[in-house]
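Novice: Below are the sequence and a predicted model; questions follow.
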Amino acid sequence: MDMRRLTVHSAAAATNTAAILFLPIKRPLTVSPHPWQRTENPKPRSKEACQSKFTEAAPPAVDRSFHYKKSVSSILSAPNLNSHHCRDLLSNLTPHQFDSIFWEIHKFVDPSTALKFFNFACTSCSFRFTLRSYCLLFHLLVSKNLGSASRLLLIRLIYGKLPVTISGDVVNVHKEIAIVLADTHLGSEKLRNEIRGFDILVHVYASEFKSLGFDVMMDVFRLLAGRGLFPSFKTCNFLMSSLVKANEPEKSYEVFAMVSRRSLPDVYLYSTAINALCKGGKVEEAVNLFKKMEDLGVAPNDVTYNNLIGGLCKMGSLEGAFQLKDRMVVRGLKPTLVTYGVLINGLMKLEKYAEADCVLREMLAKGLVANVFIYNTLIGGYCNMGNVKTALKLIDDMSLEGVFPNSVTYNTLINGLCKDNQIDLAEQFLNKMVSGGLSINLGTISSVILGLCKNLRYDSALKFTALMISNNMRPNDGLLTTLTSGLCRIKKHSEALNLHHMLQHKGFAANKVTSNALIFGFCEVGNMKEARSILRSMLDGGVGLDTFTYNALIYGCFKEDRLDLGFKLKEEMTEKGIFPDIVTYNLLIHGLCIKGKMDEALILWHECRGNSLVPDVHLYGVMIGGYCNADKFEEAMHFFNMLLGQNITPNSVIYNILIKAYSRMGNVPEALKLLDDMRSKGTPRTLATYSSLIHGMGNAGKVDESKYLLDEMRRDGLLPDVVCYTALIGGYCKLGQMDEAKSLLQEMSSLNIQPNKITYTVLINGYCKLGSIKDASQILREMLSKGITPDLLTYNALSHGFCKEGEVGEAFTLWDHMNDRGIKLDDIAHTSLVHCMSQKARTEDD
C-alpha cells in the first residue's frame with residue numbers, strides 16, 4: 001500500500017497514552033515462546049513504507065545525523081506529539097539509529113510524549129524499536145511516576161506484544177530483558193538512583209507471570225543481584241512471601257541470603273525468612289536465625305515469634321514453643337490470636353486436648369475472642385478423636401460469639417460425622433453448605449455420599465452426586481460403582497442410567513468397573529436391550545471389556561433363558577484373549593443344571609478344572625443341587641464327598657440342598673445328621689434348613705418332634721415363617737389332626753405371620769380327606785376374604801371333597817365359580833366329577 005494515501009492522524013489522537021498503546025491482554029495460562037523478531041543487520045526503512053504526503057526535502061548527508069538528532073529531540077521533548085513530523089522522521093531512521101539518538105538525549109525527553117511517540121511509530125508505521133529503547137522508555141516512565149504505564153509496557157514487552165528488534169544470539173529472553181534493564185539503569189546518571197523499576201519488574205514476574213514458574217523469576221533476581229541491583233525490602237519481602245505460599249521455601253530463603261549479603265535485612269525480611277525455614281522443615285536453622293537477628297540488633301515482632309512458634313509446634317517441640325511464647329511476653333509483646341491458634345493447633349495434633357483447652361481459656365481470659373481458624377483447629381481435633389459431640393457444641397459457641405463457620409469448618413465437621421456414622425446430621429450440614437454457596441471439598445461430599453449409600457439412602461446420594469457432576473467435580477470410581485450398584489439393587493435402573501448419561505454429557509470418561517456394574521444391573525432384571533446399549537457406549541468410549549463384562553452378559557442370557565447365547569459369549573471372550581473364570585463356568589453350569597442337562601454340566605465341570613481353575617463352594621453347590629433335582633442322589637453325594645476331600649467347608653446352601661433331598665426321600669435320620677454337622681462346624685442354619693426338616697418329619701409322621709424345631713429356630717435367632725408353619729400344618733393334616741393344624745393357623749395370626757395360598761390349600765385338602773366339607777368351605781371363604789386367590793390345586797382339593805361326599809350340586813357350583821375366575825378343571829378333577837355323577841345316578845336308580 002502507498003503510505004502517502006493514508007490520512008494523517010491528528011495530534012489529539014495520540015494523547016491517550018497507556019490506553020492507546022496497551023490494549024487489554026488476553027493471554028493463556030502459559031506463556032508461549034517469545035514472538036520477537038531477531039534481526040542481524042537491520043536495514044533503513046524505505047521512504048515509501050512510512051512517508052507523509054507533505055514530505056520535506058532531506059538535508060545534505062553531512063548534516064543528516066545532526067538533523068535527525070535535532071528532530072528526535074524536538075519531538076520527544078515537546079509536551080505534545082506532532083505526528084506529522086514523526087512520520088517524516090521514522091521513514092529515514094533505522095531502529096538502531098533511533099536507539100543511539102534516544103540514549104544520547106534521554107535526559108531531556110518528556111516520558112509522556114515519548115510513550116505517545118512509541119505508540120504512533122508501532123501502530124501507524126510498524127516501526128520496530130530495539131530492546132534498549134523500550135527499557136530506557138520504561139525507566140523514564142518510572143522516573144516520571146507513571147507506574148501504570150510503565151508496568152503495562154513491561155508486561156507487553158515480556159509477553160512479546162510489542163514489535164522489537166533483538167539480536168539473533170539471544171537464548172533467554174527474560175534474562176536479556178533483565179540485563180538490558182540493568183545496563184540502562186547503571187549507564188544513566190539520571191536513572192542510577194531510581195530502583196522502583198526493579199520493584200515493578202519483580203512484582204510483574206511474581207504476579208502476572210506465575211504461570212512461567214518461579215525459576216524464571218529467580219533467574220532474573222539472581223542476575224540483578226549479581227549486578228548489585230536489589231528491589232526495595234518491601235518488594236523482596238513480597239517475593240519471599242509469594243515463594244513460601246507457592247511451596248518454594250528454599251528459593252524464598254535464597255532471596256533473603258542474597259539481600260542479607262548486601263545489607264542488613266529488616267524485621268519483616270527476617271520474619272519471612274524464619275517462616276520459610278520452618279515451612280521447609282529447617283526449624284533448627286530458623287532458631288539460629290532468630291538468635292542472629294537479635295544479636296544484630298533487629299528486634300523480633302509478633303509475626304517473627306508466631307512464625308517460629310508455628311515451626312516448633314510443627315516438629316512437635318511444644319516445650320520450646322511455650323518457652324518462646326513466655327520470652328515474647330518478657331520482651332513486652334502480647335501474644336496474639338495467631339500465637340494462641342498456633343499453640344492450640346500443635347496441642348490438638350498431638351492429641352493433648354486438655355492442654356489445648358487450658359490455652360483456650362487463657363486466651364479468652366485475656367479478652368481475645370477465638371476466630372474461625374482457632375475454632376476450626378478445635379473442631380478438627382475433636383473430630384479426629386471421635387468426640388463429635390464436643391465439636392457440635394463448638395459450632396453452637398461460634399454462633400453465640402458471632403463467628404461464622406467457613407468451608408473448612410463444615411468440611412471438617414462433616415467428615416467427623418461421617419466417621420461417626422451420623423449421616424443424617426452430615427447431610428444437614430452439607431445442605432447448609434450448598435445453600436450458603438460454600439466451597440465443598442471433594443473428599444467431604446464423597447464421604448457423605450458413601451455414608452448415604454451404606455445406609456441405603458440412594459436417592460439422597462444420587463442428589464449430591466448430581467451436584468458434584470454439575471460443579472465439574474468428578475466422583476471417584478469407587479463411589480460411582482457403589483452408587484450405581486445400589487440403585488440397581490433397589491430396582492432404580494433408570495436413575496442409574498441417568499447418572500451414566502450425566503457423566504457422559506459432562507465429558508467424564510466412564511470407567512470399566514462402574515459400566516460393568518450398570519450392565520450387570522440391567523442383566524439381572526433381564527433388560528438385555530439396555531445392557532447392550534451400555535456395552536456399545538463402552539466400546540465407543542474406548543473402554544475395553546473384561547471377564548466381569550462377559551459374565552454379566554452371560555448372566556443376562558441365563559435370566560432370558562438364552563443359554564445358547566451365553567455359550568456363544570464364552571467362545572467370543574476366549575477368541576478375544578479374555579479367559580473365562582470360575583464365575584463364567586458357575587453361570588453356565590447352573591443354567592445346564594436347571595434344564596436338567598447334567599451330562600453337559602459334567603463336561604463343562606471337567607473343562608473348568610482342565611483350565612487350571614479350582615471349583616469353589618458355589619460351583620460344588622450348583623452341581624450337587626443339579627443332581628438332587630435330577631433325582632441322582634448318588635452323584636450328588638459323590639460331589640459332596642469330593643468337596644470335603646478338598647478341605648472346603650460346605651455352606652448353608654449345600655447343607656440345605658442335601659437336607660431337603662433326604663427329607664423328600666423320607667430319610668429323616670440322615671437329614672438330622674446333617675443338621676448336627678452344621679451345628680458342629682458353626683455353619684449358620686437358615687429358614688430353608690428348618691422348613692425342609694419340618695416338611696420331611698411331617699411326611700414321616702413325626703409331627704410332634706418337628707414342632708420342637710420351631711423352638712430351636714428361635715434359639716438360633718430365626719423367626720419361623722409361613723413356609724415353616726405350612727410344613728408343620730401339612731404334617732398334622734396328613735395325620736388327620738385338624739384341631740392341631742387349626743391351632744397352628746391361629747398361632748400364625750397371633751404372630752402376625754400371614755398364611756398364603758399353599759397354607760389354605762393344605763388345610764382344605766386335610767378337611768376334605770376327613771369328609772369335613774363344611775370346614776373346608778369355611779377355610780375357602782376365609783381365604784377369599786383375605787384377598788388370596790385360590791389356584792387349581794385349591795379348587796381340585798375342594799371339588800374332590802365334594803365328589804367324595806356325593807355333593808354333586810356343590811361340586812358344580814364350585815365348577816361355575818372356577819369358570820367365572822377363568823380356572824379350568826384339569827383331567828383329574830373332571831374325571832372325579834364324572835365319576836361322582838355316575839355314582840349318584842346309580843344310587844338314585846337303586
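Specialist: Right, received. Where do you want to start? Residues are numbered from 1 along each chain as shown.
Novice: burial measure for Ser494, as a count.
Specialist: A count of neighbours around Ser494, defined by other CB atoms under 10 Å, yields 10. Placement of C-beta: from N, CA and C, glycine included.
Novice: Equivalent analysis for Gly367, please.
Specialist: 6.
Novice: now swap in Lys70 and tell me
Specialist: Taking other CB under 10 Å as the neighbour definition, Lys70 ends up with a count of 14.
Novice: distance of it from Ile101?
Specialist: From Lys70 over to Ile101 the distance is 10 Å, taken as CB to CB, to the nearest Å.
Novice: Repeat that for Met218.
Specialist: Distance, Met218 to Ile101, using CB to CB: 36 Å.
Novice: Looking at these two, which is more packed in?
Specialist: Set Met218 next to Ile101 and count neighbours by other CB under 10 Å: Ile101 wins out with 21 against 18.
Novice: Spit out the contact partners of the more buried one.
Specialist: Each residue near Ile101 by CB atoms under 8 Å, 6 or more residues apart in numbering is listed here: 68-69, 72-73, 93.
Novice: who wins for neighbours among those?
Specialist: Val72 (24 neighbours).
Novice: For that residue, which non-adjacent residue is spatially closest?
Specialist: Nearest residue to Val72, sequence neighbours excluded (CB to CB, 6 or more residues apart in numbering): Ile101, at 4.8 Å.
Novice: where does the residue nearest the centre of the chain land in three-state SS?
Specialist: Nearest to the geometric centre of the chain sits Pro475, at 2.9 Å (CA atoms, centre = their mean). Of the three states, Pro475 takes coil according to DSSP: H, G, I helix; E, B strand; the rest coil.
Novice: pLDDT wise, what is it at?
Specialist: Predicted confidence (pLDDT) at Pro475: the value is 91.
Novice: Am I right that it is in contact with Ile469?
Specialist: Yes - under the criterion of CB atoms under 8 Å, Pro475 makes contact with Ile469 at 7.2 Å.
Novice: What about the contacts of Ile101, which are in helices?
Specialist: When the contacts of Ile101 are checked against helices using DSSP state H, the ones located there are 68-69, 72-73.
Novice: Show me the strands in the stretch 501-650 of the chain, by range?
Specialist: Listed in chain order, the stretch 501-650 of the chain contains no strands at all (DSSP state E, counting those that start in this stretch).
Novice: residues touching Leu186, list them.
Specialist: 192, 227, 229.
Novice: scratch that, Gly556 is what I was asking about
Specialist: If you count contacts by CB under 8 Å, 6+ apart, Gly556 has them with 522-524, 526-528, 531.
Novice: residue boundaries of the strands in this structure?
Specialist: In the chain, the strands defined using DSSP state E lie at 37-38, 129-130, 164-166.
Novice: need the helices for the stretch 251-400 of the chain, in chain order.
Specialist: Secondary structure of the stretch 251-400 of the chain by DSSP state H, counting those that start in this stretch: the helices cover 267-279, 283-295, 302-314, 318-330, 337-349, 353-365, 372-384, 388-401.
Novice: Could you do the stretch 651-800 of the chain as well?
Specialist: Taking DSSP H, counting those that start in this stretch, the helices of the stretch 651-800 of the chain run over residues 652-665, 668-681, 687-699, 703-715, 722-734, 738-750, 757-769, 773-785, 792-804.
Novice: Tell me which of these approaches Ala276 most closely.
Specialist: Nearest of those to Ala276, taken as CB to CB: helix 652-665 at 64.8 Å.
Novice: Just the CA atoms of that closest one, as CSV, please.
Specialist: Taking Å, rounded to 0.1, in the frame of the first residue of the first chain, the C-alpha atoms of helix 652-665 are listed here in CSV:
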residue,chain,number,x,y,z
SER,A,652,-25.6,-73.4,54.3
VAL,A,653,-26.8,-73.7,50.7
ILE,A,654,-25.2,-77.1,50.2
TYR,A,655,-26.4,-78.4,53.5
ASN,A,656,-30.0,-77.2,52.8
ILE,A,657,-29.9,-78.9,49.3
LEU,A,658,-29.0,-82.2,50.9
ILE,A,659,-31.3,-81.9,53.9
LYS,A,660,-34.2,-81.2,51.5
ALA,A,661,-33.2,-84.2,49.3
TYR,A,662,-33.0,-86.5,52.3
SER,A,663,-36.3,-85.2,53.7
ARG,A,664,-38.0,-85.7,50.4
MET,A,665,-36.8,-89.3,50.3
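Novice: Mind listing what's buried along that helix?
Specialist: Using 16 or more other CB atoms under 10 Å as the burial criterion, the residues of helix 652-665 that qualify are 653-664.
Novice: Neighbour-wise, give me the winner out of the contacts of Leu186.
Specialist: Leu229 (19 neighbours).
Novice: residues in contact with that residue?
Specialist: For Leu229, the contacting residues are 182, 185-186, 195, 198, by CB under 8 Å, 6+ apart.
Novice: In JSON lines, list these along with pLDDT and distance to Thr514.
Specialist: As requested, the contacts of Leu229 are arranged in JSON lines below (pLDDT from 0 to 100; distance: CB to CB, whole Å):
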{"residue": "Ala182", "pLDDT": "92", "distance to Thr514": "58"}
{"residue": "His185", "pLDDT": "91", "distance to Thr514": "61"}
{"residue": "Leu186", "pLDDT": "91", "distance to Thr514": "64"}
{"residue": "Ile195", "pLDDT": "87", "distance to Thr514": "60"}
{"residue": "Phe198", "pLDDT": "92", "distance to Thr514": "55"}
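Novice: PyMOL command to pick out the buried ones of those residues?
Specialist: A single PyMOL command selects the buried members of the contacts of Leu229 (16+ other CB under 10 Å):
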select buried, resi 182+185+195+198
